[in-house]
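*Asks:* build me a structure from this.
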Amino acid sequence: MKTKEITINGKNYAIVFNVKTMMNFEEISGKSFFGEDFSHLKERIAIIIAAVLSANEKVTLTVEEIIEGEEYKSLQEIFAAYRAVMELAGEFFQVPEIEKQNEPELKEDDDKPKN
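*Replies:* Numbers count the residues shown, from 1 in each chain. All right, here's what the predicted structure looks like:
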């Protein structure tokens, strides 16, 4: 099982994506993993927490800890952590390279809030 590391408010956390991650997400959010498009911030935060808990169930990471930092920096960290979780999800589900090519590539500007 492949792991990655994310940073939230100066702390590093290991993340993994597996069936446990999907179950954790459903427990945290009360929603089906397969029914989500993750367009809402709260779902993105829930899948980040789920991936952290899957890597180490003894870690306590809360929504408050994720959003308590400097607002813009917190948002950047959420986007980066979400992207890392989705990269692991792509590997877990073995998304073919041809499908990855059809996905629009996120540019650095895409993480910046729009006015």
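*Asks:* so what does residue 14 look like in phi/psi?
*Replies:* Main-chain dihedrals, residue 14, degrees, to the nearest 10: phi -80, psi 150.
*Asks:* residues touching it, list them.
*Replies:* The contact partners of residue 14, taken as C-beta atoms under 8 Å, 6 or more residues apart in numbering, are 3, 4, 5, 52, 55, 56. (Each C-beta comes from the backbone N, C-alpha and C, glycine too.)
*Asks:* just the buried members of those residues?
*Replies:* 4, 52, 55 (16 or more other C-beta atoms under 10 Å).
*Asks:* show me these that map onto strands.
*Replies:* residue 4 (DSSP state E).
*Asks:* give me the phi and psi angles of the most centrally placed residue in the chain.
*Replies:* The chain has residue 82 as the residue nearest its centroid, 2.8 Å off, counting by C-alpha atoms, centre = their mean. Here is the backbone geometry of residue 82 (degrees, to the nearest 10): phi -60, psi -40.
*Asks:* and the strands in the chain?
*Replies:* Ranges of strands within the chain are 4-8, 11-15, based on DSSP E.
*Asks:* please name the nearest non-neighbouring residue to residue 84.
*Replies:* Spatial nearest neighbour of residue 84, excluding adjacent residues (C-beta to C-beta, 6 or more residues apart in numbering): residue 4 at 4.8 Å.
*Asks:* show the pLDDT at that neighbour.
*Replies:* Looking at residue 4, its pLDDT stands at 97.
*Asks:* measure it to residue 72 for me?
*Replies:* As judged by C-beta to C-beta, to the nearest Å, residue 4 and residue 72 stand 23 Å apart.
*Asks:* wait, what's in contact with the residue nearest to the centre of the chain?
*Replies:* Residue 82 touches 38, 44, 47, 48, counting by C-beta under 8 Å, 6+ apart.
*Asks:* repeat that with 7 Å
*Replies:* With contact taken as C-beta atoms under 7 Å, 6 or more residues apart in numbering, residue 82 is in contact with 44, 47, 48.
*Asks:* of these, which is the nearest to residue 86?
*Replies:* For the contacts of residue 82, the residue nearest residue 86 by C-beta to C-beta is residue 47; the value is 8.2 Å.
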